[in-house]
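Undergrad: Provided below for reference: sequence and predicted model.
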Amino acid sequence: MGDAGVDLGRALAVAVALAEWAAEEIRRPRTPADGPVREKAGPADIVTDTDVAIETHVRAALRRAFPAYGVDGEEQGVDTGAPSAPHWVVDPVDGTTNYAHGLGWCSFSLGLAAPDGTPLLGVVADPWRRETFTATRGGGAHLNGVPVRAADHTTLTGHVFLTEWAAHAHWPGQDALLAELAARHCTVRVMGSTALSLAQVAAGRASAAAIGEFHPVDGLPALLIATEAGAVAVPERPSYDEPLLLSAPAVATEATRLWRSVIPAR
């Protein structure tokens, strides 16, 4: 049994199976039968029938396997579980804009959290590279079943820093951050999937990654995966909509100092 009496082994097996199924659905070519792209909050916040169909299937499967647990999803909101039960967080297609435009960088994200929000399990699947990142609390991080660790870089200079817009907009402090990183010859990439970008720190492909607004449905699984791979999170437990920085351990001091110099105090 795992944290809070949860059988993390069983939960991980269910989560990985769902991630594999979702990845297959995302890889399937879109056709007119899949329906139109629809707006949610605005033109830069969109949803497809694939997002809805995947979340519907995942919710039903999780309810069957763990009937007492709650579910919080990107497209269909919160289903409250039993009192003091863990809850799942799911983003069926994180990076819907990329998916809808045929750009091969999006992900399926699924995590399990304790009642107080502590991440217990995280799965992020990259359909296009057929990669599945996984982690359980205290169990380390894995990529396709092989342990992974954050990079051993000792400086941001010459390495990759990943970030994301807040939908279509820059978030407070982002422009100053980009300028400081450019001055350090640190290459910045904005790829279009929060979960997948954060997971790259776990794989050692990026020295650091940052987002201006943390949302558990797409951020919590990757946060656990990265920290289980040795990355340093600032803050360690971000609140909803709070900025988040993840960095490899040997660049954490430099990255955190820079981060705090450009991000407005809350």
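TA: Thanks, I have it. On a predicted model such as this, the values are computed, not experimentally measured, just so you know. Residues are numbered from 1 along each chain as shown.

Undergrad: neighbours around the nearest residue to I263 once chain neighbours are set aside, how many?
TA: Counting by Cβ to Cβ, 6 or more residues apart in numbering, I263 lies nearest to G173, which is 4.2 Å off, once chain neighbours are set aside. Where C-beta positions appear, they are placed from N, C-alpha and C, glycine not excepted. Other residues near G173 come to 17 when the count uses other Cβ atoms under 10 Å.

Undergrad: and G173, backbone torsions?
TA: G173 has phi and psi values of phi 100, psi -10 when expressed as degrees, to the nearest 10.

Undergrad: that one reaches V262, doesn't it?
TA: Yes - if you go by Cβ atoms under 8 Å, G173 and V262 touch, sitting 4.7 Å apart.

Undergrad: quick check: R257 vs D51, distance?
TA: Counting by Cβ to Cβ, to the nearest Å, the gap from R257 to D51 is 38 Å.

Undergrad: between the two, tell me which one has more neighbours.
TA: D51 (25 against 9).

Undergrad: low-confidence ranges, the stretch 101-250 of the chain, go.
TA: Within the stretch 101-250 of the chain, no range satisfies pLDDT under 70.

Undergrad: quick one: the strands in it?
TA: Assigned by DSSP state E, counting those that start in this stretch, the strands in the stretch 101-250 of the chain fall at 107-113, 119-126, 131-136, 141-143, 146-147, 160-163, 187-190, 208-211, 232-234, 244-247.

Undergrad: right, so those: which one is the most enclosed?
TA: Of all the strands of the stretch 101-250 of the chain, strand 107-113 has the most neighbours on average by mean count of other Cβ atoms under 10 Å, namely a mean of 31.

Undergrad: so which other helices or strands are in contact with it?
TA: Secondary-structure packing of strand 107-113 (3 or more Cβ pairs under 8 Å, 6 or more residues apart in numbering; DSSP states H and E): helix 8-27, strand 87-94, strand 119-126, helix 194-202, helix 216-228.

Undergrad: report the inter-axis angle for that strand versus strand 119-126.
TA: Angle between the axes of strand 107-113 and strand 119-126 is 170 degrees (criterion: axes from the mean of the first three to the mean of the last three Cα atoms, to 10 degrees).

Undergrad: please renumber the chain so that the first residue is 26 from this point on.
TA: In the new numbering, first residue 26, that becomes strand 132-138.

Undergrad: Throw the helices and strands packed on strand 132-138 into TSV and include distance to E205, thanks.
TA: Shown next, in TSV, are the helices and strands packed on strand 132-138 (distance: least, Cβ to Cβ, whole Å):
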stretch	distance to E205
helix 33-52	35
strand 112-119	27
strand 144-151	28
helix 219-227	18
helix 241-253	22
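
Undergrad: single out the most deeply packed of these.
TA: Most buried among those, given mean count of other Cβ under 10 Å as the contact rule, is helix 219-227, at a mean of 30.

Undergrad: which other helices and strands does it contact?
TA: In terms of contacts (3+ Cβ pairs under 8 Å, 6+ apart), helix 219-227 is packed against strand 112-119, strand 132-138, strand 144-151, strand 156-161, strand 185-188, strand 233-236, helix 241-253, strand 269-272.

Undergrad: now the ones you listed as CSV including distance to L221?
TA: Conversion of the helices and strands packed on helix 219-227 to CSV gives the following (distance: least, Cβ to Cβ, whole Å):
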stretch, distance to L221
strand 112-119, 7
strand 132-138, 4
strand 144-151, 6
strand 156-161, 9
strand 185-188, 9
strand 233-236, 10
helix 241-253, 8
strand 269-272, 13
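
Undergrad: what residue is smack in the middle of this protein?
TA: A220 (2.3 Å; Cα atoms, centre = their mean).

Undergrad: any idea how far that one is from A38?
TA: A220 is 20 Å from A38, by Cβ to Cβ.
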